[in-house]
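Participant: Sequence first, predicted coordinates after that:
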Amino acid sequence: MKNHLSYLISAGCCLLLSVSCAKKQDFTQYEDLEITPTAEASLLYVEAPESMINEAQAGVYYTEDFNFDAFAEDFVSDNVLDGVVTYQLENTSSKELEITVEFLDDLGNVLDTEQFHMDPAPTAILDREIAYGGASGRPLDILRNTSGIRVTGRNLGDSTSVSTLPDPKIILRSSAKIRIRLK
């Protein structure tokens, strides 16, 4: 009787499993999948002490071209959706300064320019975000075609004054966030 009951329960379970509700697997979900991570990285950090600015007299005290190959790979360039470049400038010097950041293509042509005017210290830290792509941003092709960045600093003040703040200098920081479509 015990074996017969055990057999009956097993047969009943098999019967219930065969008619149970099981959804058919749908492997086409992959086609609807969208993967768009946001990548963030530091872009530039430039620091110039007030003594360097004074040595250059009035006019250009700093200029340098930086290599920028973030979009050299076709996959990245073709799949970038949009981006934001964030700048932060801090001036603790006694100088009125102008900082220019230029995005350059591989031939050295200027694709985009951002200019900053900094009053002598004490001043607040200047923050600026520039959007690329999307409905309200600058053209995305600027980022896609950028292969270099030029930074130029100009002293609009004198070359003798010295700030009373400790370690007076100008600092430029920048970072970039981009969204890339992986799938």
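Facilitator: Now that the structure is in, tell me what you want to look at. Residues are numbered from 1 along each chain as shown.

Participant: Does K24 belong to a helix, a strand or coil?
Facilitator: State at K24, reduced to three classes by DSSP: H, G, I helix; E, B strand; the rest coil: coil.

Participant: I figured L165 hits N91, correct?
Facilitator: No - using C-beta atoms under 8 Å, L165 is not in contact with N91; the gap is 10.0 Å. To be clear about C-beta, it is placed using only N, CA and C from the backbone, and glycine gets the same treatment.

Participant: and those two? which has more neighbours close in?
Facilitator: N91 (26 against 13; other C-beta atoms under 10 Å).

Participant: residues touching that one, list them.
Facilitator: L97, M118, D119, P120, A121, T123, I170, I171 (C-beta atoms under 8 Å, 6 or more residues apart in numbering).

Participant: tell me which of the residues you listed is nearest to D78?
Facilitator: When the contacts of N91 are compared for distance to D78 (C-beta to C-beta), I171 comes out closest, at 34.9 Å.

Participant: what about the closest one, helix or strand, and which?
Facilitator: strand 169-180 (DSSP states H and E).

Participant: likewise L44?
Facilitator: strand 38-49.

Participant: Just checking: what are the partner strands of the host helix or strand of T152?
Facilitator: Secondary structure assigned from DSSP H and E places T152 in strand 148-155. Its sheet considered, strand 148-155 pairs with strand 59-67 (antiparallel), strand 97-104 (antiparallel) by DSSP bridges.

Participant: Which neighbours do L165 and N91 have in common?
Facilitator: Contacts common to L165 and N91, judged by C-beta under 8 Å, 6+ apart, are A121.
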